[in-house]
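# could you work out the structure for the sequence below:
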Amino acid sequence: MSSTANDREPLTVSSRSFGEPWPEFNDGLLYRDTLKPSESGSTVIEFYSSKHANSAPLQGWFQRIRNGQITIDGSVVTDPNTVIRAGSELVYHRLPWKEPDAPYLLEVLFEDDDLIALNKPSGLQVLPGGLFQQRTVLTQLQRQATKKCFSLARQEPHPVPVHRLGRGTSG
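The predicted model follows:
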């Protein structure tokens, strides 16, 4: 027996919204590097100031190292002249920062077991990027899934946007 449009359940249209206010500061970011054999024997300051020269000037890297923002194989390094070896994992922890203001409430337009359609407000970024790492639609969806407040959380613990509107666009 074939299914027709009349046999299907009607679409569920919702008029609810969700979202949590943003914290003052985000969690910062972790940048990981694994040292290649060709990089073995260099110092921490040589590694970061050459490999990541566009991320900060030399003095900026000195300050980050001295602030304890870099670890080698899980141990904090504060001496810029520490020699690094091939295979070591270096992690730079970018300190938390205050992201630009952004709306946080998302209106649910449609929801079923597989899909949620949202009305994204202007000024809210969909995916992390640039100064917006946590003030995003994705973050609100992940928080909501963690709470298991909507049906997607039971099936897919990691919601993923399938369409992206620019930050300045609503819809």
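# can you tell me the closest non-neighbouring residue to residue 94?
In space, and not counting its chain neighbours, residue 94 is closest to residue 29: 4.4 Å by CB to CB, 6 or more residues apart in numbering. Yep, even glycine has a C-beta here, placed from its N, CA and C like the rest.
# that neighbour against residue 134, yeah?
No: applying CB atoms under 8 Å, one finds residue 29 not in contact with residue 134, separated by 9.9 Å.
# okay, those two: which has more neighbours?
Higher neighbour count among residue 29 and residue 134: residue 134, with 20 against 14, using other CB atoms under 10 Å.
# can you list the domain ranges for this structure.
Domain assignment for the chain, taken from the TED database, gives 29-94, 99-150.
# single out the most deeply packed of the ones you listed.
Of all the domains of the chain, domain 99-150 carries the top mean neighbour count, a mean of 16, counting by mean count of other CB atoms under 10 Å.
# now it: average pLDDT?
Averaged across domain 99-150, the pLDDT comes to 88.
# and for stretch 33-50?
Mean pLDDT, stretch 33-50: 94.
# report the backbone C-alpha coordinates of it in CSV.
C-alpha atoms of stretch 33-50 as CSV (Å, rounded to 0.1, in the frame of the first residue of the first chain):
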residue,chain,number,x,y,z
ASP,A,33,50.4,21.6,17.5
THR,A,34,52.4,18.4,17.4
LEU,A,35,56.0,19.0,16.7
LYS,A,36,57.4,17.5,13.4
PRO,A,37,60.9,16.0,13.4
SER,A,38,62.2,19.1,11.4
GLU,A,39,61.0,21.4,14.2
SER,A,40,62.8,19.4,17.0
GLY,A,41,65.5,21.3,18.8
SER,A,42,63.9,24.7,18.4
THR,A,43,62.8,26.8,21.4
VAL,A,44,59.2,27.5,22.3
ILE,A,45,59.6,31.2,21.3
GLU,A,46,61.2,30.2,18.0
PHE,A,47,58.4,27.8,17.2
TYR,A,48,55.5,30.2,18.0
SER,A,49,57.1,33.4,16.6
SER,A,50,57.9,31.7,13.3
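# good, wrapping up.
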